[in-house]
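Peer 1: I'll drop the sequence and a predicted model, then ask my questions.
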Amino acid sequence: MLVAFSCENWTLFRDRVELDLRATSDDTRRKCVVFNPENFPDIDLLKSAVLFGPNASGKTRLFDAFRFLKHFVLHSSKESQQGQKIPVHPFRLDVHTRTRPTVFEIMFVTRTGLVRFGFEADTDKVREEWLYIQPPGAKKREREIYFRKGKDIQVHKKFREQSELLIRRRMIRSNALFLSVAAQFNLSFATEVIEWFDQKLHIVSGLKGHGEYAPYTVQWAEKNAGNRARLLHLLRQAETGIVDFAERQFDEKMLEDRRIPEAVRHMLHEALARGEKIFGGVETIHPVFDGPRMVDQTAFNLFKDESAGTERLFSLAGPLLHSLDEGHVLLVDEFDARLHTLLARHLLELFQSSENKRNAQLIGTTHNTLLMDRDLLRRDQIWFLEKDDRQAATLYSLADFDTRAVRKNDNYLKKYLSGRFGAIPMVDEWTTGTSCD
């Protein structure tokens, strides 16, 4: 379960910004929205959060920060070579930040306890790195597992012996994380932390490639009859008209598509010759009627015959439903893109319903202000991003406002559109002949 995430001097974020999923003392819909991680009854976490803001306010860049952190944790020890640059992207619109290091820190809960991990890096090296774990139990305090400053790494005495070989032989490159190297050598303090990043934290792209996750959805649905039934139920709820579906296998006939580059065509041809199975799309099954009677069925191509909204819903369904099953932390950029407001609302409510038995968490970005509804989201679930006068993005929650300025029974949307909370496009009346007298 994700507790909080922060970054500083990353792309649009000059100063430190923090997304905190710890619930406030608000008692609104507490049973639906708030949960306590196992063994941590004193930590109240939110099941969902939605980020609002105008275009270019930093919503996607914040998710990019999550994506970079996950990839660097999992692969810095394997993919980089000595001297290779670290792909951090500092804030470039301030002369003082261009050479300043970027900082990441994340807090989450595992079986071991409450983990706090972070690092500070520039393009050349990891300057600092730290790992703290608080074991379960109200009286237990956070324990420093290790702290790295440059080449110096101080490890807790409990883990010093197993870390000694790596440190003494200087097996941690300056452009790699100690955590990643330690996990490669199965050091006990690192393996579960790495496992959380690999198996529990998932980031889904926004508008790029509506059908990108369709193979994932098919693979998840085909694992068992229950998964398939749940997917079809969701498609029926959305009134897509789909009664069944089947995976299409790529075949030689499909190679005739002129849009396939020649190099890719050759590679696919060789794979088919070896007998490999290649995902070739999805056929959706629709009923055929004679008057009121269904007399037959016909197949549609998901990517050619269905609407963009249906394609998007099918693609997202696998990651969403799988996350509910496994208790994942799922970040979806533009999660409601091409979906009707009521359908987007339903997907949010899945994470705030009895179906979310594993306390999965959904964090989404959106431009759909109709979701800013007090009957759907509490104040601490609503977050805003906007830029200041020096083009640096800031992140804040509706719960940060004084209760006299925004009350639980207020019309959040009306106040937001009137500019009371910021984070709206400042569109002046353009003299382009768009007015109508």
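Peer 2: Yep, it's here.
Peer 1: tell me, what residue is most central in the protein?
Peer 2: residue 331 (1.9 Å; CA atoms, centre = their mean).
Peer 1: Give me the contact list for the strand or helix carrying that residue.
Peer 2: Using DSSP states H and E, residue 331 falls within strand 329-332. Contact with strand 329-332 is made by 1-2, 63, 66, 108, 200-204, 206, 316, 319-320, 323, 360-365, as judged by CB atoms under 8 Å, 6 or more residues apart in numbering. Placement of C-beta: from N, CA and C, glycine included.
Peer 1: could you flag which of those are buried?
Peer 2: 1-2, 63, 66, 108, 200-204, 206, 316, 319-320, 323, 360-365 (16 or more other CB atoms under 10 Å).
Peer 1: returning to that earlier point: downstream neighbour of the strand holding residue 331 in the secondary structure list?
Peer 2: Under the assignment DSSP H and E, the closest C-terminal helix or strand after strand 329-332 is helix 341-350.
Peer 1: Which parts of the protein are helices?
Peer 2: For the chain, applying DSSP state H gives helices covering 30-33, 59-79, 157-168, 178-184, 188-199, 214-221, 225-237, 262-273, 308-326, 341-350, 412-417.
Peer 1: Figure out which of the ones you listed is closest to residue 381.
Peer 2: Closest to residue 381 of these, according to CB to CB: helix 30-33, at 6.9 Å.
Peer 1: Enumerate the positions of the longest strand along the chain that are buried.
Peer 2: Of all the segments of type strand in the chain, defined by DSSP state E, the longest one is strand 279-290. For strand 279-290, burial by neighbour count (16+ other CB under 10 Å) applies to 281, 282, 283, 284, 286.
Peer 1: next one: stretch 404-423
Peer 2: Residues 406, 412, 415, 416, 421, 422, 423 are the ones in stretch 404-423 that count as buried (16+ other CB under 10 Å).
Peer 1: So if we follow the domain assignment, how does this protein break up?
Peer 2: Split into domains by automatic domain parsing, the chain comes to 1-200+327-426, 209-310.
Peer 1: Turn those domains into JSON lines, columns for mean pLDDT.
Peer 2: Formatted as JSON lines, these follow (pLDDT from 0 to 100):
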{"stretch": "domain 1-200+327-426", "mean pLDDT": "91"}
{"stretch": "domain 209-310", "mean pLDDT": "87"}
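Peer 1: and the nearest residue in space to residue 84 that is not next to it in sequence, what does it touch?
Peer 2: Of all residues not flanking residue 84 in the chain, residue 175 sits nearest, at 5.9 Å (CB to CB, 6 or more residues apart in numbering). The contact partners of residue 175, taken as CB under 8 Å, 6+ apart, are 76, 80, 82, 83, 84, 85, 86, 124, 125, 126.
Peer 1: can you tell me how far the third one sits from residue 199?
Peer 2: Applying CB to CB, to the nearest Å, the value for residue 82 to residue 199 is 29 Å.
Peer 1: What of residue 97?
Peer 2: Taken as CB to CB, the span from residue 97 to residue 199 is 34 Å.
Peer 1: Same check on residue 254?
Peer 2: 34 Å.
Peer 1: The two - which one has more neighbours?
Peer 2: residue 254 (16 against 10; other CB atoms under 10 Å).
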